[in-house]
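Colleague: Let me see the structure of the following:
(2 chains)
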Protein chains: 2
Amino acid sequence: MQSSQPSIGVDIGGTKILAALVDADGAITKQIYHPTPSQDVPATERAIVELVQELSGGQLHCPVGVGAAGWMNRDSSRVLFSPHLSWRDEPVRDRLESQLGRTVTLVNDADAAGWAEYRFGAARSVNDVVCLTLGTGIGGSIILGGEVYRGNSGIAGEFGHQSIVPGGHRCACGNRGCWEQYASGNALGRDGAELVRSKSPVAHNLRAACGDDPSAVTGSLVTDLAAQGDSACRDLIEEMGQWLGLGISNLVSVLDPGMVVIGGGLGSAPTELLTVAESHYRRTLSGRGYRPFAQICRAQLGPSAGLIGAADLARQSSA
Amino acid sequence: MQSSQPSIGVDIGGTKILAALVDADGAITKQIYHPTPSQDVPATERAIVELVQELSGGQLHCPVGVGAAGWMNRDSSRVLFSPHLSWRDEPVRDRLESQLGRTVTLVNDADAAGWAEYRFGAARSVNDVVCLTLGTGIGGSIILGGEVYRGNSGIAGEFGHQSIVPGGHRCACGNRGCWEQYASGNALGRDGAELVRSKSPVAHNLRAACGDDPSAVTGSLVTDLAAQGDSACRDLIEEMGQWLGLGISNLVSVLDPGMVVIGGGLGSAPTELLTVAESHYRRTLSGRGYRPFAQICRAQLGPSAGLIGAADLARQSSA
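Modeller: Residues are numbered from 1 along each chain as shown, chains lettered A, B, ... in the order given. Next up, the predicted model:
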């Protein structure tokens, strides 16, 4: 039986640490933030403690869930690796617990967002869910039988690093051809920049929008122009949608989920991306015609999903 | 509490239907077979019934597990699709149960083999296991938390149809670039035949062995020559090992299992295949250096794994 008291969710992003008081129905009742002190680990941990203390008003001792991009070990006591922060196999949970004097639950940010969608969003009451957070890269989470599936060492769901193009684009992970090099905000920005450098007349609007500076092209710029109807940017989105659909087919072949939820900034952009992805997924899923298709759905909780999920997972752990 | 009485496992292969009496420790105490009546569904079902009755000696009413290549629906009552047989969304379980007058458990053959390795073979007591059956194609199974993970519609684990090469070799599933077109007995046979057609002097032994007839080249012929030291065939095995390792990396990124078990005829062939696969997997797993490597292990139960697993799953279901 889980508690009906509120819990606190913390979401450590690249620029801001968000913290919120979240009730048992997943509603945020208060939210505050602090700029992320980048690579400074002690300052990051201090900022988390201050945010939690401020939200608690010195009284509540509600559980705290902290979501961050990174890998938590199996018992979620240590951050094995975090791309934006400088945590490298460190006992972050115990440090935060001793400073806060209460239970802290560390969670991967994509797992937190996926859990929120399963509990309160697009995937309520769906059995076996795959969630993608499409942002600069691809975050992934897997919810099976009413629990976040974390794997044997705690780091399942690294969908973005499936290799789908042998010898393809170099990925920040050191490999080539990873899915997130073909279906992410970074991929879209890279492809847009390449189009600008090509001096192609089709890139007229894109070149104008970035001042003819390829380094100023971002995924957001491409999605914005596509949403305004620019055909070159719509082509880039369409191409990306096909890669997105192909990778989803791969995941569905392996996991056969009841639903695939797509969230993140790029997943909610007003473009044809998901329509193209779904169509390509339906053309490429092996066994089509002899098996049901898992539904592809847009996430419902927007950028607060990570906060809500971290808070709810903390509530569940302390129940 | 599971029963200690024996159960019966049936394994429907392309050429033979095997049936065995299997004790509670996974040991086969009696085994018989019948040629597979190919595309004839009533004859196949009659053969299963006769084998089970013969093994039972008219007395035992032990549970029966029937493993077949194909997709069973979520409650395992219907075969949705079977590549070798002609079952197309048919209520096979109920038909067999009414003819046999006892409980029948239908299972995917790769799931049966994986389960046997988890219960009695290479993956005993390992949490979260991925099993590959490398034969003409790639069979897959996933064991999570002490159960076969079957997904939302019963057909999880279709690893062989991950797309890993855009525009690659055509697969029997209708797509291009599926993993099993790069890492399977069929792939090896196709590559060997191509080498024979090329008239390359490096294929001297292979050409002699197949009588210069590319259509006579099989995966087994290539593995046999490789085991004898033929360098062209060893190169083919090495190339395949790299694809095998790459696909394993993809699965480990998604599922983070405690162990990857490799079985099937090709998995047990006396070649360097698994050594190369493991080395390539270790070079391509994203996040290497910051995460543990799941072990890759050879299956231990050989070609009986499917029989043993089907029998054991039947015993578990009836407990």
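Colleague: Make sure A:Met72 is actually in contact with A:Phe81.
Modeller: No: A:Met72 lies out of contact with A:Phe81 (CB atoms under 8 Å); the separation is 9.6 Å. Every residue, glycine included, has its C-beta placed from N, CA and C.
Colleague: more crowded one of these two?
Modeller: In terms of neighbours (other CB atoms under 10 Å in any protein chain shown), A:Met72 is the more surrounded of A:Met72 and A:Phe81; the figures are 27 against 19.
Colleague: how near is that one to B:Ala294?
Modeller: Going from A:Met72 to B:Ala294 by CB to CB, to the nearest Å gives 17 Å.
Colleague: do the same with A:His280
Modeller: As defined by CB to CB, A:His280 lies at a distance of 30 Å from B:Ala294.
Colleague: Between these two, tell me which one has more neighbours.
Modeller: Residue environment comparison for A:His280 versus B:Ala294 gives the larger neighbour count to B:Ala294, 25 against 20, counting by other CB under 10 Å.
Colleague: contacting residues around that one?
Modeller: Residues in contact with B:Ala294, defined by CB atoms under 8 Å, 6 or more residues apart in numbering or on different chains, are A:Asn152, B:Val130, B:Val252, B:Asp256, B:Pro257, B:Gly258, B:Met259, B:Val260.
Colleague: swap the cut-off to 6 Å and go again
Modeller: With CB atoms under 6 Å, 6 or more residues apart in numbering or on different chains as the criterion, the residues that contact B:Ala294 are B:Val252, B:Pro257, B:Met259, B:Val260.
Colleague: For the residues you listed, which two are the farthest from each other?
Modeller: In the contacts of B:Ala294, two members sit farther apart than any others by CB to CB. They are B:Val252 and B:Met259, at 10.3 Å.
Colleague: Low-confidence regions, chain A specifically.
Modeller: In the prediction, chain A carries residues with pLDDT under 70 at positions A:1-3, A:58-60.
Colleague: residues from it in reach of chain B?
Modeller: Within chain A, the positions near chain B by CB under 6 Å from any CB of the partner chain are A:80-81, A:127-128, A:151-153, A:155-156, A:158, A:161-163, A:165-166, A:173, A:175, A:246, A:250, A:253-258, A:284, A:286, A:290-292.
Colleague: Quick one, which of these are buried?
Modeller: Buried residues within these, defined by neighbour count using 16 or more other CB atoms under 10 Å in any protein chain shown: A:80-81, A:128, A:151-153, A:155-156, A:158, A:161-163, A:165-166, A:173, A:175, A:246, A:250, A:253-258, A:284, A:286, A:291-292.
Colleague: Of those, which belong to helices?
Modeller: If you go by DSSP state H, these have A:Leu246, A:Asn250, A:Ser253, A:Val254, A:Leu255, A:Thr284 in helices.
Colleague: Roughly how far does the first one sit from A:Gly219?
Modeller: Distance check for A:Leu246 against A:Gly219: by CB to CB, it reads 19 Å.
Colleague: for chain A, what spans make up the strands?
Modeller: Counting by DSSP state E, residue ranges of the strands within chain A are A:7-12, A:16-22, A:28-35, A:64-68, A:71-72, A:79-81, A:88-90, A:104-108, A:129-134, A:138-144, A:147-148, A:259-263, A:295-298.
Colleague: I'd like to know which of those strands is closest to A:Leu206.
Modeller: Short answer: strand A:129-134, nearest of these by CB to CB, at 20.6 Å.
Colleague: between the closest one and strand A:138-144, how big is the angle?
Modeller: With axes from the mean of the first three to the mean of the last three CA atoms, to 10 degrees as the criterion, the two stretches strand A:129-134 and strand A:138-144 enclose an angle of 170 degrees.
Colleague: Next, format the ones in helices among the buried ones among the residues of chain A next to chain B as JSON lines and append distance to B:Glu97.
Modeller: Supplementary listing: those in JSON lines, determined by distance: CB to CB, whole Å:
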{"residue": "A:Leu246", "distance to B:Glu97": "41"}
{"residue": "A:Asn250", "distance to B:Glu97": "36"}
{"residue": "A:Ser253", "distance to B:Glu97": "30"}
{"residue": "A:Val254", "distance to B:Glu97": "31"}
{"residue": "A:Leu255", "distance to B:Glu97": "30"}
{"residue": "A:Thr284", "distance to B:Glu97": "37"}
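Colleague: any idea which of these is closest to B:Gln242?
Modeller: Comparing every one of these with B:Gln242 (CB to CB), the shortest separation belongs to A:Asn250, at 18.7 Å.
Colleague: give the contact list for the closest residue in space to the closest one that isn't next to it in sequence.
Modeller: Counting by CB to CB, 6 or more residues apart in numbering or on different chains, the nearest residue to A:Asn250 once its immediate chain neighbours are dropped is B:Gln162, at 4.5 Å. Applying CB under 6 Å, 6+ apart, we find B:Gln162 in contact with A:Asn250, A:Ser253, B:Trp179.
Colleague: okay, now A:Gly219: neighbour count?
Modeller: Here the neighbour count serves as a burial measure; for A:Gly219 (other CB under 10 Å) it reads 25.
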